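**Student:** Got a sequence here, can you build the structure:
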Amino acid sequence: MGNRNSDILYEYLRSILYDTEIKTIDIDELDESFKKLGMGMQFLEQTVTELKEYSAALSSGNLSVEPPSRENFLCENLKTIHSNLNHLTWQAKQVAKGDYSQKVSFLGEFSEAFNTMTKQLSDREASLKKEIELERENKKLINEIANADRLTGIGNRYYFFRKADQLMHEPSKLTFCYCDLDHLKHVNDTFGHAEGDWYIKTFVKTIKNYIRKTDIFARIGGDEFCLVFPNCPKDIVADKMNKAQAEFAGEAIAMDVSKPYAMNFSFGIVEIESAAENHSVEEILKIADAVMYEQKKLHKETI
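**Tutor:** Here you go, the predicted model:
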């Protein structure tokens, strides 16, 4: 009789452990002395079934699955893993947002791999930021080089036409001033280009004393310079340039140096209503150049 009970319970245990569909038992088929063991195995069946279902859900990535009750002692380790995975998921989301300070210490070898990954991501982001900043600085430098006159540091021809064209499309009055540095060829030919460079830079330094940050000042040729004064009337610009001429003419004396040539420049001024007038920048400069040339005729006699 004992062998019969043992066979029933053994087959039941085997089915609990290995069968997809567990073959249940009828406790009443067991002798009285085996019924308690049979009921214990029924509890085991419930816990193992919950264990299988719980582990299957976790292995498929279903972290929202409801954990088994406290009574299921077989699932304690799985519950710990479940809790750790939930926390790890939250940490992974924080890392995805750029928080590389997240560290894992509860998953053994995986912790080391995770922490190494976050450090590498942090280092890579820092490296990318440096590369982006360096690229931004390089672009700025290239732009400055492309737009600046190498000798004087003011705008070059490209810079002038680009900025002037932008202002032409804005609703503001513009006053153009075309300047020509007198006797530059004579200075270069007679005293050398180093002296000519000093002459040019001294002119630029003088003009800077009479312009605002919003004004455009550029060198568009060897001895040709252009200025644009937004919202500055022609008479005020003329007054500025006359004062600049007087200062420039006496600059050598002010610097306590003697120069064997006259220091001067000629200028022509044109005032327009910006986009209201149908003129290109080139056309305006031609008009200003013609006005400037009338003044230059008076300066040709003085060298």
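**Student:** buried sites along stretch 86-106?
**Tutor:** For stretch 86-106, burial by neighbour count (16 or more other C-beta atoms under 10 Å) applies to 88, 91, 95, 100, 102, 104. Any C-beta I mention is one placed from the backbone N, CA and C, and that applies to glycine too.
**Student:** what do you get for stretch 189-204?
**Tutor:** Going by neighbour count (16+ other C-beta under 10 Å), the buried part of stretch 189-204 is 196, 198-200, 202-204.
**Student:** List the contacts of it.
**Tutor:** Outside stretch 189-204, the residues that touch it by C-beta atoms under 8 Å, 6 or more residues apart in numbering are 151-154, 181, 184, 187-188, 217, 219, 223, 225, 248, 251, 260-261, 263, 265.
**Student:** Just the ones of the residues you listed in strands?
**Tutor:** 181, 217, 219, 225, 265 (DSSP state E).
**Student:** What is the nearest of these to V65?
**Tutor:** Nearest to V65 among these: F217, at 72.7 Å, using C-beta to C-beta.
**Student:** biggest helix in this structure, by residue count?
**Tutor:** Longest helix in the chain by number of residues (criterion: DSSP state H): helix 109-147.
**Student:** Compute the inter-axis angle for the next helix-or-strand element following that helix and helix 109-147.
**Tutor:** Of the helices and strands lying after helix 109-147 in sequence (DSSP states H and E), the nearest is helix 157-168. Orientation check (axes from the mean of the first three to the mean of the last three C-alpha atoms, to 10 degrees): helix 157-168 against helix 109-147 gives 90 degrees.
**Student:** Give me the packing partners of helix 157-168, helices and strands only.
**Tutor:** helix 109-147, strand 174-181, strand 216-219, strand 224-230, helix 281-299 (3 or more C-beta pairs under 8 Å, 6 or more residues apart in numbering; DSSP states H and E).
**Student:** Least confident of those, on average?
**Tutor:** Least confident of the helices and strands packed on helix 157-168, judged by mean pLDDT, is helix 109-147 with a mean of 85.
**Student:** Next, the residues that contact the helix or strand bottoming out on mean pLDDT in the chain from outside, please.
**Tutor:** Taking mean pLDDT, DSSP states H and E as the measure, the chain has helix 251-254 as its least confident helix or strand, at a mean of 76. In this structure, residues lying in contact with helix 251-254 by C-beta under 8 Å, 6+ apart are 202, 206, 247, 258-259, 263.
**Student:** after the helix or strand encompassing L9 comes which helix or strand?
**Tutor:** Element membership for L9 (DSSP H and E) is helix 2-18. With elements assigned by DSSP H and E, the helix or strand that comes after helix 2-18 is helix 32-59.
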